[in-house]
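In: Just to be clear, the model below is a prediction. Sequence and coordinates:
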There are 2 protein chains.
Amino acid sequence: MVLSNYSTEDKVLLAVDCIIFGFDKEELKILLVQRDFEPEKGKWSLIGGFLTKEENLDQSAIRILHHLTGLNNIYMEQVYSFSKVDRDPAERTISVAYYALIDIATHDEELIKQNPIQWFSLKEAPKLIFDHDMMVEKAIARLRRRALSKPIGFELLPEKFTMRQLQKLYEAILDTKLDKRNFINKFNSFDILIKLDEKDMSSSKKGAYLFQFDQEKYNRKVEDGFNFKI
Amino acid sequence: MVLSNYSTEDKVLLAVDCIIFGFDKEELKILLVQRDFEPEKGKWSLIGGFLTKEENLDQSAIRILHHLTGLNNIYMEQVYSFSKVDRDPAERTISVAYYALIDIATHDEELIKQNPIQWFSLKEAPKLIFDHDMMVEKAIARLRRRALSKPIGFELLPEKFTMRQLQKLYEAILDTKLDKRNFINKFNSFDILIKLDEKDMSSSKKGAYLFQFDQEKYNRKVEDGFNFKI
DNA sequence: ATCTATTAGTGTTAAAATTACACATATTTT
DNA sequence: AAAATATGTGTAATTTTAACACTAATAGAT
């Protein structure tokens, strides 16, 4: 009987790096950490860690995110695996990138300041270590594609939000200006919003109606997908 | 100075498994190999191998594909990384799936029969080992998305092909019937085909005009993308 | 009290894209 | 000569997308 001889194969470290996207009513941001160990100590980096023997990649991403931020129940999705031979000069490491989506306002308090982590506007983020800038780029592309093919917002907006906030989220993700009326018409055609009687008074004298997602219809649209053409 | 202490982290085997799609004028197929070692000896499997220390994942996928099929210069794309803890009962192994596209007719002779490899129609493929069926599923979804957002065909069709063959390719990938006239109108609007004076006489008495891709325009469309709405 | 400034909210029309749909042509076989 | 088979071609109806401008509400300034 021929047995597999896995024992002669090279083993590698498998890292998980998280591109954590947040939205704060205006801007799309990412959460970065200042590295406190060599190599590249003091430089900004994605939040990351290593896969352990007892967990799969999804679990690892959840654990790493939780460990460095205290956050739980966060939407995450695998993006791509990065494997350039010398991407980490310390040791051969392959890294699997995950992106996460969170509403900054809702989770601000949980983000304990004990860790040297900080939100950066996407456009003003510092240069990152290794190939982390490539990871961010790929994650943005993925996020963008997602926003065009499925509803997005549940993870990035507070429970109640105005139409303008929703539009600004889409504008931030797609990096483009959208027409107010066309956006509303389009989004309403998806039939996943519930208009509330409350108004948000923080942004104007007139006040703006608040909306919620209809969870069930939202989920159905996530399943079925749609075509949001900008 | 705090040094990273990578040495305590778990290392794992990193496999690369290839979903090799082929097209033979009628059907979409995948190339499978019969495993000749334990575990799961004798069962059908994707073509795979292990990442080595000297190569990145893309290179590894190319090497593995070449080693088992003799094929060179094949379009490949990373799909997803699979990491269930016990996915390979022999040893903890994470696998990165790649899909490849090849034109069966052009490459048939290169596919040396020394290896126990065989084409299967997608619909009639046997159950595969481990999580390989999931990999195939994910690769099909990716291929489908690709076909809707960029031209496809250069990799899967012979140099010269008929409109009907191109349509059949799209129908196979999208798993749906398309209207002949609408398909032609749509595809012509992309302006990436060159109509030749030659006819293919193999499929009808009347003969069907052969087409070629305009390589330059095709590549530009791959870059820019399009929206093929079925 | 009036004016000003600011953001919210709302519909229509033109243009473009998509869909549905049917018959004549060329040729080989019978 | 007729039958069979796959090719090749265009238009009209429908749907979707894109462009576009004014009124409403209200707080703050004068």
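Out: In hand now; what should we look at? Values in this document were obtained by computation on a predicted structure and should not be read as measured data.
In: can you list the residues of chain A near DNA strand D?
Out: A:179-182, A:185-186, A:204-207, A:227, A:229-230 (Cβ under 7 Å from any atom of the strand). C-beta coordinates here come from the backbone N, C-alpha and C atoms, glycine included.
In: right, is the longest strand anywhere in chain A up against chain B?
Out: Determined from DSSP state E, the single longest strand within chain A is strand A:11-23. Yes: residues of strand A:11-23 contacting chain B under Cβ under 8 Å from any Cβ of the partner chain: A:11, A:12, A:13, A:14.
In: swap in stretch A:109-129?
Out: No: for stretch A:109-129, no contact with chain B is found by Cβ under 8 Å from any Cβ; the gap never falls below 11.6 Å.
In: follow-up on the earlier one: next step: the residues of chain A next to DNA strand D restricted to helices.
Out: Among the residues of chain A next to DNA strand D, the members falling in helices (DSSP state H) are A:180, A:181, A:182, A:185, A:186.
In: What subset of those is buried?
Out: residue A:186 (16 or more other Cβ atoms under 10 Å in any protein chain shown).
In: Generate a markdown table for the ones in helices among the residues of chain A next to DNA strand D, with pLDDT and distance to DNA strand C as supplementary columns.
Out: A markdown table is the format used below for those (pLDDT from 0 to 100; distance: Cβ to the nearest atom of the strand, whole Å):
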| residue | pLDDT | distance to DNA strand C |
| --- | --- | --- |
| A:180 | 96 | 5 |
| A:181 | 97 | 3 |
| A:182 | 97 | 6 |
| A:185 | 96 | 6 |
| A:186 | 96 | 10 |
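In: of the residues of strand A:11-23 next to chain B, closest to residue B:109?
Out: Closest approach to residue B:109 among the residues of strand A:11-23 next to chain B (Cβ to Cβ): residue A:12, at 36.4 Å.
In: Quick one: find the helix or strand in chain A with the lowest mean pLDDT.
Out: The helix or strand of chain A with the poorest confidence is helix A:104-107; it has a mean of 86 (mean pLDDT, DSSP states H and E).
In: where's whatever helix or strand comes next after it relative to the chain centroid, distance-wise?
Out: Going down the chain from helix A:104-107, the next helix or strand is strand A:117-121, by DSSP states H and E. Put simply, strand A:117-121 sits 13 Å off its chain's centre (Cα atoms, centre = their mean, to the nearest Å).
In: elements contacting strand A:117-121?
Out: strand A:28-34 (3 or more Cβ pairs under 8 Å, 6 or more residues apart in numbering or on different chains; DSSP states H and E).
In: Try it again at 10 Å.
Out: The contact analysis (3 or more Cβ pairs under 10 Å, 6 or more residues apart in numbering or on different chains; DSSP states H and E) places strand A:117-121 against strand A:11-23, strand A:28-34, strand A:44-45.
In: now the first one and strand A:28-34, what's the angle there?
Out: Orientation of strand A:11-23 against strand A:28-34 (axes from the mean of the first three to the mean of the last three Cα atoms, to 10 degrees) gives an angle of 140 degrees.
In: ok now strand A:11-23, how far from the chain's centre?
Out: 11 Å.
In: what angle do that strand and strand A:117-121 make?
Out: 60 degrees.
In: send the alpha carbons of stretch A:149-168 over as PDB?
Out: Provided in PDB are the C-alpha atoms of stretch A:149-168 (Å, rounded to 0.1, in the frame of the first residue of the first chain):
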ATOM      1  CA  SER A 149     -24.300  42.900  -5.900                       C
ATOM      2  CA  LYS A 150     -25.900  42.700  -2.400                       C
ATOM      3  CA  PRO A 151     -27.300  45.200   0.100                       C
ATOM      4  CA  ILE A 152     -24.700  46.500   2.500                       C
ATOM      5  CA  GLY A 153     -25.200  48.800   5.400                       C
ATOM      6  CA  PHE A 154     -26.600  46.600   8.100                       C
ATOM      7  CA  GLU A 155     -23.100  46.000   9.400                       C
ATOM      8  CA  LEU A 156     -21.800  49.500   8.900                       C
ATOM      9  CA  LEU A 157     -24.600  51.700   9.900                       C
ATOM     10  CA  PRO A 158     -26.300  52.200  13.300                       C
ATOM     11  CA  GLU A 159     -29.700  50.500  13.700                       C
ATOM     12  CA  LYS A 160     -31.500  53.700  12.700                       C
ATOM     13  CA  PHE A 161     -30.100  55.800  10.000                       C
ATOM     14  CA  THR A 162     -31.100  58.500   7.500                       C
ATOM     15  CA  MET A 163     -31.200  58.100   3.700                       C
ATOM     16  CA  ARG A 164     -28.400  60.500   3.500                       C
ATOM     17  CA  GLN A 165     -26.200  58.400   5.700                       C
ATOM     18  CA  LEU A 166     -27.000  55.300   3.600                       C
ATOM     19  CA  GLN A 167     -26.200  57.300   0.500                       C
ATOM     20  CA  LYS A 168     -22.900  58.600   1.900                       C
END
